[in-house]
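Chemist: sequence plus the predicted model coming up.
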Amino acid sequence: MASELGTLHVLLLVAGLGLAEVFTSYDHLARMIDSEATVSEHLTSYIQAEEQRLDKLKQAFDTMRSHMVAASKERDRHLNNPINLYFLIKRIAADWSTVKSLINATAAEDVIRKANASVLLPGDEDVEGASVALLRLQDTYQLNTTQIGSGLLKTVHKSPEFTAWDCYELGRSAYDKDDHYHSLLWMEEALRRWNKEEDKTIDRLLLLDHLRHSALQQGNPRHSLSLIHEMLAIDPSHGQALTAKVHVESVLAEEQAMNADSNAMPLGPMKNERPAGNDSSERDRYEALCRGEGVMNDPARVSKLKCYYLTRNNPRLLLSPAKVEEVFDRPPMLFFHDILLESEMELMKKLSSSRLQRAAGYNRTANVSMVTSRRTNKSEWLRDRDHQVIAKTNRRFQDYTGLDVTSAEPHKVCNYGLGGHFEPHVDSTAAGVINSINTVQRGNRIATLLVYMSDVDAGGDTVFINIGARIVSKMGGAVFWYNLFRNGESDENSKHAGCPVLMGNKWAINKHFHERGQEFILPCSLDPTE
């Protein structure tokens, strides 16, 4: 009984962890890999108690444990490679799903509840999120499907090759969302790999059925009909193939009526254009900047940017001046080097780690903050009362920026996971709109200080899509910009995005300064350009 109470006490202590969506935080992915011991504690006791009845469960658990121990021994190989993380999430999620399916007694449900309360284990939403993240990385950094499938990313740690089934699953994830662009990419890759496999990992008919539909949706009716004929050659009574054949033949008949030569042309590679969407121009600029393309590098402007020491006649800065680099001119953007000490960054990571929750993004149309696929990371607020270092760094942020920190928001510590990103957005809200960002008490977000608490191996840059600015994450540094003109209107040139993390662990602090308290520091102006 005492032992059970002790276990309950431990569970209550850790129950506050953000257990959902492990894939959105690198820190929680690391915890997932390191959680083998805790999982063992809960499941081993249950298995020992009902060993005869649970032989199959024990085998499934042993498999899961071996995967997690192997991952724990090679943490860097997994954490620094998105493909390895994708497979690890899939493997552990599959293992955990098998374990849960074999546990069906009341006592078993209790074991699952205890394990879920105390460790970070991925679920179906993590596999889905990891799939979307891989496709996002593929699009943003223009990674070839075969290159990803072969595990040929330029990383220190090698990745396993995709099987035909793995490719099908990734394609199916897109297929189920009517994303036939990505579905066609990965179903074609699955077919190529099926043709080379000695031990087939997927039924060819299943693969062809999805491939023929995506081919049609992407404007390839003749290819679709060819795939249908192949399906019927395997199974002449295949109901879906017979129905699809009638439909596709009618589509081809309409095409031939409009162009008599349409069906006489050779059957070349399939068309597969990425859908434009409502914001394709913005999306394309954003992704190009993330790849380092389209960055403003006008020599006449760049040559005028300076580096200098800043003191502001501030006693603290006179003792230890701020190291300032001008990184952009119009609008002005500053980069403060070494604004935080390594010990301070490690402390803030430690304080926030166990409290990280999925971050919300502000929806301008709905005028609310909500969890959205436009932003995939986890975050936590740190306030002065949490530790004296928070108050100390608040004073430093005020010294460096020259702005009053009294009305500023608490430190928002963010950690990004697999393919973690934040799509283009502005930090302020429209003038006159009162909401959680622009409150009567604080006013709008006048400026942002984005502090980087880690270097990122690849990806994770901050880009400003309307002006072609790109800031690379540098541990201990911070980029500073204004979100508002001095007349209070939002500056659309402050629209920025966090590029998807391709490799590495991105930690950052968002520090948002508000209008209240800045009246005499930055007096208002009617000039719309100031």
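Modeler: That came through fine. Residues are numbered from 1 along each chain as shown.

Chemist: surely residue 335 is in a strand?
Modeler: Yes. Counting by DSSP: H, G, I helix; E, B strand; the rest coil, residue 335 is found in a strand.

Chemist: surely it meets residue 473?
Modeler: No. Between residue 335 and residue 473 there is no contact under Cβ atoms under 8 Å: 11.2 Å. In this view, the C-beta of every residue, glycine as well, is placed from N, C-alpha and C.

Chemist: more neighbours: which of the two?
Modeler: Per other Cβ atoms under 10 Å, whichever of residue 335 and residue 473 has more neighbours is residue 473, with 24 against 21.

Chemist: for residue 502, see how far away the more buried one is.
Modeler: Using Cβ to Cβ, to the nearest Å, residue 473 is found at 12 Å from residue 502.

Chemist: which neighbours do these two have in common?
Modeler: Common contact partners of residue 473 and residue 502 (Cβ atoms under 8 Å, 6 or more residues apart in numbering): residue 460.

Chemist: how about low-confidence regions in the protein?
Modeler: Residue ranges of the chain with pLDDT under 70: 1-20, 49-50, 52-54, 104-108, 154-156, 260-264, 364-367.

Chemist: the same query, at a cut-off of 50, please.
Modeler: Within the chain, the ranges that satisfy pLDDT under 50 run 1-19.

Chemist: residue 512 - that's part of a strand, no?
Modeler: Yes. Applying three-state DSSP, one finds residue 512 inside a strand.

Chemist: show me what contacts it?
Modeler: By Cβ under 8 Å, 6+ apart, the neighbours of residue 512 are 408, 409, 412, 427, 445, 447, 448.

Chemist: OK, contacts around the second one?
Modeler: Right, the one you point to is residue 409. So residue 409 contacts 381, 510, 511, 512, 514 (Cβ under 8 Å, 6+ apart).

Chemist: quick check: phi and psi at it.
Modeler: When read as degrees, to the nearest 10, the backbone of residue 409 gives phi -70, psi 160.

Chemist: what's the distance between it and residue 48?
Modeler: From residue 409 across to residue 48, the span is 50 Å (Cβ to Cβ).

Chemist: tell me where the stretch 301-450 of the chain has helices.
Modeler: Per DSSP state H, counting those that start in this stretch, the stretch 301-450 of the chain carries helices over the ranges 315-319, 342-353, 388-401.

Chemist: what residues of the first one count as buried?
Modeler: When you say that, I think you mean helix 315-319. residue 317 (16 or more other Cβ atoms under 10 Å).

Chemist: now the residue nearest to residue 197 when sequence neighbours are not counted: how far from residue 73?
Modeler: Using Cβ to Cβ, 6 or more residues apart in numbering and skipping the chain neighbours, the partner closest in space to residue 197 is residue 164 (5.8 Å). Per Cβ to Cβ, residue 164 is found 29 Å from residue 73.

Chemist: which one of those two has more residues nearby?
Modeler: A side-by-side neighbour count of residue 164 and residue 73, using other Cβ under 10 Å, places residue 164 first with 24 against 9.

Chemist: just give me the neighbour total for residue 169.
Modeler: Around residue 169 there are 17 other residues, counting by other Cβ under 10 Å.

Chemist: ugh, wrong one, I meant residue 435
Modeler: 15.

Chemist: test my guess that it contacts residue 443.
Modeler: No. With contact defined as Cβ under 8 Å, residue 435 does not reach residue 443; the gap is 11.9 Å.

Chemist: the stretch 301-450 of the chain: strands as residue ranges?
Modeler: 307-310, 322-328, 333-337, 357-358, 361-363, 368-370, 377-382, 411-416, 422-425, 445-452 (DSSP state E, counting those that start in this stretch).

Chemist: any residues touching the second one, and which ones?
Modeler: This means strand 322-328. With Cβ under 8 Å, 6+ apart, strand 322-328 has contacts from 296, 305-311, 332-339, 399-400, 464, 467, 469, 471, 479.

Chemist: weed out the non-buried ones from those residues.
Modeler: Buried among those by 16+ other Cβ under 10 Å: 333, 334, 335, 336, 339, 399, 400, 464, 467, 469, 471, 479.

Chemist: state the pair within those that is farthest apart.
Modeler: For these, the maximum inter-member distance is 27.3 Å, found between 399 and 467 (Cβ to Cβ).

Chemist: just the C-alpha atoms of stretch 43-51, please, in CSV.
Modeler: Provided in CSV are the C-alpha atoms of stretch 43-51 (Å, rounded to 0.1, in the frame of the first residue of the first chain):
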residue,chain,number,x,y,z
LEU,A,43,4.6,-2.0,-17.2
THR,A,44,7.0,-4.5,-15.7
SER,A,45,5.0,-4.6,-12.4
TYR,A,46,1.9,-5.3,-14.3
ILE,A,47,3.4,-8.0,-16.5
GLN,A,48,4.9,-9.8,-13.5
ALA,A,49,1.6,-9.9,-11.8
GLU,A,50,-0.2,-11.4,-14.8
GLU,A,51,2.6,-13.0,-16.7
